[in-house]
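Asks: following is a predicted model, sequence given first.
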Amino acid sequence: MAINPHEVELQIEEIVLRDFVGGDRHQIRAAIQQELTRLLTEQGIPPSLMAEGSIARLDGGSFDVAPDATPEVIGTQIARSIYGGVGG
């Protein structure tokens, strides 16, 4: 069995979401976690996360959200913005 020599612990202390319903935050958070895990597993760990230390602030940019988007879709979009922001 091959052992992956790279292990990354990603801790997001705060995500600022404006104009979202507060009750959706748990579903959005779960979708962010699931999509980030998928991206890191399938597309690899960006070099910026391979160095020890932390990223003090990351601007994930912005994206359009359809009026009828589910919290899961919103969380997936956020995760993709985060992954892109760290160089993925």
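Replies: That came through, no problem.

Asks: quick one, helices of this protein?
Replies: 25-43, 47-50, 71-85 (DSSP state H).

Asks: what comes up buried for the second one?
Replies: Neighbour counts using 16 or more other C-beta atoms under 10 Å place residue 49 of helix 47-50 among the buried residues. Bear in mind the C-beta positions are built from the backbone N, C-alpha and C, glycine included.

Asks: got it, and the longest one?
Replies: Neighbour-count burial for helix 25-43, counted by 16+ other C-beta under 10 Å, picks out 28, 29, 31, 32, 35, 36, 39, 40.

Asks: could you report the neighbour count for residue 23?
Replies: The number of residues packed near residue 23 is 8, by other C-beta atoms under 10 Å.

Asks: so, low pLDDT: which residues of the chain?
Replies: In the predicted model, the chain carries pLDDT under 70 at residues 1-8, 50-56, 58-59, 88.

Asks: centroid-nearest residue for it?
Replies: residue 79 (3.0 Å; C-alpha atoms, centre = their mean).

Asks: show me what contacts it?
Replies: 31, 32, 33, 34, 35, 36, 39 (C-beta atoms under 8 Å, 6 or more residues apart in numbering).
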